[in-house]
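Enquirer: kindly generate the corresponding structure for this input.
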Amino acid sequence: MTALASRLGGGLPAAYWKLWFASAGSNVADGIFWVALPLLAITLTDSPALVAGVTVASRLPWLLFALVAGALADRLDRRRTMILVDLVRAVLLGALAAATLAGVASLPLLYVVAFALGVAETLFDTSAQSIMPNIVEGDRLNRANGRLYAVELTMNQFVGPPLGGFLAAIAIAAAFGTGAVAYLVAALALFTIAGAFRPVREGPPTRIHHDIAEGLRYLFGHRLLRVLAIMVGIGNLASAAVFAIFVLYAVSPGPLGLDAVGFGLMTTALAIGSLIGTFLVEPLERRLGRANLLAISIAVTSSTLLAPALTTNVPVIFAVWIFSGAIGIAWNVVTVSLRQRIVPDALLGRVNATYRLLAWGTMPIGAFLGGIVGQTFGLPAVFLIFGGLELALVLGRFVVTDEAIVAAEARGRAEAAKVEAAAGARAEAARAAAAAGAGPPPAAGATESGPATPTEP
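Expert: The predicted structure follows:
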């Protein structure tokens, strides 16, 4: 692992590469069960609605529990949460493998497992995004997040699905069992990371709905983060509208005339580009600046949505999608790293969860709108309307400036320094009180280790 760290990026600590390895294991398992679950479902029913219910059950937790997951990430030790979640996921897939072998697997059981795995995903992903600043220094977050996205894409989209399909062809239970083992390996890698990763909190305990409200106030009270969250919500709405109906346009008798295999290959173009792009973010950021890079990533991403309306040449669309994936991934790497630098550690889980709720919550709306527009005006209209909507987000460049980013990061560092100073003072007072035999002093009255709502200039 040390040699791997040296080759892929100097300056990232050993703890990061353990997290990287754990992410690889978890994402292999994710890729396996996302293939195996629907394959098991179609052996239990031939109803399209009931089969689609597996996806609904697995995604519903992001709407129901994302904010709760964020609050828990700011209350609990994040590493221990990730370990526990991986162990629970291993048990769930192991139980499903056993049920499949015993011939007692049923559709209700599949829904329950899919829903439980979705809940686990909200807890794991929120904690994973929030733990990064505790492991990697701020000036290396872009590199660290880029490498992490690379392994997530590779394992989740290129290794896990074909492995899951191969194992399912032998026996579906073998696919679930392999996924369970991968989760166990990931949990073991996380277990080897030393240290405590529970955010510092002050004052009396607070109710969880108060914690959730504080995270919402922080995000919507922070001009830069608020604008970025709105932009990603609108962008995902536009993408969901296009991809909800793209299969009708791509697969014969649609204009692109692809078969099922060709359609599957077409959908890998964005993933291929994104994998390449994770290694380009740092040099592009140095050359262009973060604000310009974010604006360019939006403009290029719009080409993904507009291309099918402008040409039916499959190789051209494929090439455009690879290029779009390579540049578009910069948005994810840069904005995640920004949140990790700006937001106080005690609030990071809740802010990440709120941000992701906005990002994912617009997707069902976009899919619905894409269907309505396609039914009413035709499929090319979907590409033009929602591609144009994505392109219009470039106007956010007037708010998302390099000056605004630098100022927000400076405030974040000042808040972090204030928290560290207060924690040091409390520790010193506690040691002095203990030495005098008086016991620790009472806790301060603040409810969090930083201001609840940032002040905007």
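Enquirer: hang on, residue 247 packs against residue 263?
Expert: Yes - look at residue 247 against residue 263 with Cβ atoms under 8 Å: they come within range, at 6.6 Å. The way it works is simple: take the backbone N, C-alpha and C, and place the C-beta from them, glycine included.
Enquirer: what ranges does the stretch 301-450 of the chain have for its helices?
Expert: Counting by DSSP state H, counting those that start in this stretch, residue ranges of the helices within the stretch 301-450 of the chain are 314-342, 345-377, 379-392, 402-436.
Enquirer: need those helices in TSV with mean pLDDT and distance to residue 83, can you?
Expert: Below are the helices of the stretch 301-450 of the chain laid out as TSV (pLDDT from 0 to 100; distance: least, Cβ to Cβ, whole Å):
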stretch	mean pLDDT	distance to residue 83
helix 314-342	93	21
helix 345-377	87	16
helix 379-392	96	38
helix 402-436	77	25
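Enquirer: wait, which of these is closest to residue 241?
Expert: helix 345-377 (3.1 Å; Cβ to Cβ).
Enquirer: ok, residue 361 - contacts?
Expert: Listed by Cβ atoms under 8 Å, 6 or more residues apart in numbering, the contact partners of residue 361 are 62-63, 233.
Enquirer: out of these, who's nearest residue 128?
Expert: Closest to residue 128 out of the contacts of residue 361 is residue 62 (14.7 Å), distances taken as Cβ to Cβ.
Enquirer: give the contact list for that closest one.
Expert: Shown here is residue 62, whose contacts under the criterion Cβ under 8 Å, 6+ apart are 118, 121-122, 356-357, 360-361.
Enquirer: ok, the residue nearest to the spatial centre of the chain to residue 61 distance?
Expert: Here the mean C-alpha position of the chain is nearest to the C-alpha of residue 125 (Cα atoms, centre = their mean), at a distance of 6.1 Å. Distance, residue 125 to residue 61, by Cβ to Cβ, to the nearest Å: 11 Å.
Enquirer: Throw the helices of the stretch 301-450 of the chain into a markdown table and include distance to residue 288, thanks.
Expert: Written out in a markdown table, the entries for these read as follows (distance: least, Cβ to Cβ, whole Å):
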| stretch | distance to residue 288 |
| --- | --- |
| helix 314-342 | 9 |
| helix 345-377 | 24 |
| helix 379-392 | 18 |
| helix 402-436 | 10 |
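Enquirer: for residue 129, find the nearest of those helices.
Expert: With distances scored as Cβ to Cβ, the stretch of the helices of the stretch 301-450 of the chain nearest to residue 129 is helix 345-377 (4.8 Å).
Enquirer: return the distance of the strand or helix carrying residue 25 from the chain's centre.
Expert: In this assignment (DSSP states H and E), residue 25 forms part of helix 14-44. Computed by Cα atoms, centre = their mean, to the nearest Å, the chain-centroid distance of helix 14-44 equals 14 Å.
Enquirer: ok, the residue nearest to residue 59 when sequence neighbours are not counted to residue 326 distance?
Expert: Nearest residue to residue 59, sequence neighbours excluded (Cβ to Cβ, 6 or more residues apart in numbering): residue 118, at 6.3 Å. Between residue 118 and residue 326 the distance, using Cβ to Cβ, works out to 30 Å.
Enquirer: quick one: mean pLDDT over stretch 227-243.
Expert: Averaged over stretch 227-243, pLDDT sits at 92.
Enquirer: I meant stretch 22-40, not that one.
Expert: The predicted model gives stretch 22-40 an average pLDDT of 87.
Enquirer: could you pull out the buried residues of it?
Expert: Within stretch 22-40, the residues that count as buried by 16 or more other Cβ atoms under 10 Å are 22-38, 40.
Enquirer: the residue nearest to residue 59 against residue 56, yeah?
Expert: No - with contacts defined as Cβ under 8 Å, residue 118 does not count as touching residue 56, sitting 9.6 Å away.
Enquirer: more crowded one of these two?
Expert: Taking other Cβ atoms under 10 Å, residue 118 and residue 56 do not tie; residue 118 has more neighbours (20 against 14).
Enquirer: quick one: contacts for that one?
Expert: For residue 118, the contacting residues are 57-62, taking Cβ under 8 Å, 6+ apart as the criterion.
Enquirer: where is pLDDT lowest across the residues you listed?
Expert: The weakest per-residue confidence within the contacts of residue 118 falls on residue 59 (76).
Enquirer: which of the helices or strands spans it?
Expert: Residue 59 is part of helix 48-64, with elements assigned from DSSP H and E.
Enquirer: list the buried ones in that helix?
Expert: 51, 53-54, 57-59, 61-62.
Enquirer: one more: stretch 123-131?
Expert: 123-131.
Enquirer: who's in contact with it?
Expert: Identification of contacts with stretch 123-131 by Cβ under 8 Å, 6+ apart yields 19, 23, 26, 66, 69-70, 72-74, 76, 78-79, 81-82, 85-86, 89, 197, 336, 339-340, 345, 348-349, 352-353, 356.
Enquirer: please repeat the previous calculation with a cut-off of 7 Å.
Expert: Applying Cβ atoms under 7 Å, 6 or more residues apart in numbering, the set of residues contacting stretch 123-131 from outside is 69-70, 72-73, 78-79, 81-82, 85, 197, 336, 348-349, 352-353.
Enquirer: I'd like to know which of those residues is nearest to residue 391.
Expert: Ranking these by separation from residue 391, with Cβ to Cβ as the measure, puts residue 336 on top at 22.9 Å.
Enquirer: how close does the residue lying closest to the closest one once chain neighbours are set aside sit to residue 220?
Expert: Spatial nearest neighbour of residue 336, chain neighbours left out: residue 145 (5.3 Å); criterion: Cβ to Cβ, 6+ apart. Here the distance between residue 145 and residue 220 works out to 24 Å (Cβ to Cβ).
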